[in-house]
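# Give the three-dimensional model of this entry:
(2 chains)
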Amino acid sequence: MSTERKLAELLDAATTDVPADRLAPPLAAIHGRVRRRRRMLGAVTAAAVAAVLAGGYSFGHRMLAEPAPQVPVGPATSPTAASGPAVSWVSAMVDRNDTTITVYAGASGCQELAQPRARVTAQDAAQVTIEVTGQIVPAGDCATSGQAVGVVATLPEPLGERELVDAVGLRSHPTYFERHLPDLQSDDRWSTFIGGWQSDDVDWYQGYNGPNGSTLVLRAQPSESVQQRAPVGTVDFGPYQGTITGSSVMWTVWWQVGDTTYSLRLEAVEGGSLTLTQFKQELSRLWT
Amino acid sequence: MDDFDAYVAVAWPRLLRSAWLLTGDWHRAEDLVQTVLARAYGRWPRLRDGAPDAYLRTMLATTYLTWWRRKARNEVPTDPLPDGPGRDAHGQVEMQEAMRRALAVLPRQQRAVLMLRFHADLTEADTARALNISVGTVKSYTARALATLRDDASLRGLLTEEAQR
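Just a heads-up that it's a prediction; the model follows:
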């Protein structure tokens, strides 16, 4: 028997034992995802169609939002157009300073968003409108295309309680705040590692390498999409009360602020373990 | 679409198993399969009369490759291993753990190639098309992955054991 045939049999045998609690297909959850996906795609499509029908919509909108341009402006395709047509963004993270906003956008299929730029096109006491522009180009590698791209816009004054709005379609998207997360950037035990996610994923993630080979992942997501497993306890940390799920291999704490659920997952080094007490101690330390 | 639900009811375990080969973790495997099925739902009228398993396994691989990238060595968290008397009478848990450990050290592309070639039973040409890479690259990834797996002491033992049956 060839090694390849033996491997095929081994792969098959190694996966035969699906845990009993995973055997039933979660049809309701799958249909829930279908509905959320359709809502999002429908909105993006409608916004794109509206932008095309409106012709120079984004150009005109920019004119309203910014001081008079320094150079004459022509149609949207003129060299003064920022970096391409306006594209919709899907989520935003507001920096701890409340003025730096990273919005996440991307391209679907085997395409990429090139040369993206973000800028504030309008703001008032209630809303701040951010426009992302860029070129949608064929991806060099379809297997790795579709990544969300973070693009930074800087506000002249703090966002405060104002709502972020996408210039394409004038609609809001999930907006997350670093102030609701622990400040791991200033904790020298943790170092950021490069990560990414798909551009149609409205969730936000950031991973860190930590002491003794541990790994920590922060995540923010709309509360309506949270799929949380049975909690094993609750914990108070900083100004929040969270629920804990997981086991000694990997603990996660979940806490809700408004319509957003934030989570922190701490994984022990592979082959290691972490007690619930140790996890709670780490949480306390992260929020001191 | 009732036939979509009927298909999922039957195909779920085998898709989940393919996803586990990619993620090494049942929770993530389930998340991956759900993601792919939600995307496939709109295309179901075109998929159902073809080879949906192969198509969905390809989607599993490409979606997995564009997922949240984590550091290479620690990218696969472990589900708690089941234990208890009689639970592992045939070395199933041991085999699964050995395979999970061995797959965990492979680069993602190699793992995707192994899943498509040896679990989804795609040809080299189909695997190449699925991942938008050349047939030569598929061969190269396969060879490198097999070499890595052969270097794993536990897996080498299991492969030998399999060969002797």
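# Where do the domain boundaries of chain B fall?
Following automatic domain parsing, chain B resolves into domains at B:1-66, B:91-165.
# and the last one, how far from the chain's centre?
Offset of domain B:91-165 from its chain centre (Cα atoms, centre = their mean, to the nearest Å): 9 Å.
# sorry, back to before: by mean pLDDT, show me the worst of the domains of chain B.
Mean pLDDT per stretch puts domain B:91-165 lowest among the domains of chain B, at a mean of 80.
# how about that one, does it get close to chain A?
Yes. Domain B:91-165 reaches chain A (Cβ under 8 Å from any Cβ of the partner chain) through B:92-93, B:95-96, B:98-100, B:104, B:109, B:112, B:114-115, B:117-119, B:121, B:131-133, B:142, B:146, B:149-150, B:155, B:158-159, B:162-163. The C-beta positions use only the backbone N, C-alpha and C, and glycine is treated the same way.
# Return the members of those residues classed as buried.
Those of those that meet the buried threshold are B:93, B:95-96, B:98-100, B:104, B:109, B:112, B:114-115, B:117-119, B:131-133, B:142, B:146, B:149, B:155, B:158-159, B:162, by 16 or more other Cβ atoms under 10 Å in any protein chain shown.
# Next, count neighbours for B:T63.
Residues near B:T63, counting by other Cβ atoms under 10 Å in any protein chain shown, number 19.
# Look up how far B:L15 lies from it.
Going from B:T63 to B:L15 by Cβ to Cβ, to the nearest Å gives 12 Å.
# Identify the residue spatially nearest to B:M59, adjacent ones excluded.
B:V36 (4.5 Å; Cβ to Cβ, 6 or more residues apart in numbering or on different chains).
# how far does stretch A:152-163 stretch from start to finish?
17 Å (Cα to Cα, to the nearest Å).
# Measure how far that stretch is from the centre of its chain, please.
So, by Cα atoms, centre = their mean, the centroid of stretch A:152-163 is 18 Å from its chain's centroid.
# Can you give me the buried ones in that stretch?
If you call a residue buried by 16+ other Cβ under 10 Å, then stretch A:152-163 has these buried ones: A:153, A:155, A:159.
# Could you dump these into a markdown table and include secondary structure, distance to B:R46 and pLDDT?
Formatted as a markdown table, these follow (DSSP: H, G, I helix; E, B strand; the rest coil; distance: Cβ to Cβ, whole Å; pLDDT from 0 to 100):
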| residue | secondary structure | distance to B:R46 | pLDDT |
| --- | --- | --- | --- |
| A:A153 | strand | 40 | 96 |
| A:L155 | coil | 45 | 95 |
| A:L159 | coil | 44 | 96 |
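# sorry, back to before: dump the domains of chain B into CSV; add distance to A:D12 as well.
Formatted as CSV, the domains of chain B follow (distance: least, Cβ to Cβ, whole Å):
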stretch, distance to A:D12
domain B:1-66, 8
domain B:91-165, 7
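# just so I know, which of those domains lies nearest A:Y104?
domain B:1-66 (14.1 Å; Cβ to Cβ).
# show me what contacts B:R117?
Applying Cβ atoms under 8 Å, 6 or more residues apart in numbering or on different chains, one finds that B:R117 lies in contact with A:4, B:124, B:127, B:138, B:142.
# Just the element for it, please.
helix B:108-118 (DSSP states H and E).
# could you give the angle of the helix or strand just after that helix to helix B:108-118?
Using DSSP H and E, the next helix or strand after helix B:108-118 towards the C-terminus is helix B:124-131. Angle, helix B:124-131 to helix B:108-118, by axes from the mean of the first three to the mean of the last three Cα atoms, to 10 degrees: 140 degrees.
# Follow the chain on from helix B:124-131 and name the next helix or strand.
helix B:135-151.
# low-confidence ranges in chain A?
A:1, A:39-83, A:109-110, A:140-145, A:193-196, A:227-228, A:269-272 (pLDDT under 70).
# what are the bridge partners for the residue nearest in space to the middle of chain A, then?
The centroid of chain A falls nearest to A:W204 when counting by Cα atoms, centre = their mean (2.4 Å). Going by DSSP bridges, A:W204 is paired in beta bridges with A:A220.
# In contact with it: list those residues for me.
Here A:W204 is in contact with A:91, A:93, A:104, A:174, A:176, A:219-221 (criterion: Cβ under 8 Å, 6+ apart).
# which bits of the stretch 1-150 of chain A sit near chain B?
A:1, A:3-4, A:6-19, A:22-27, A:29-31, A:33-34, A:37-38, A:110, A:141-147.
# Out of these, which sit inside strands?
Using DSSP state E, the subset of those located in strands is empty.
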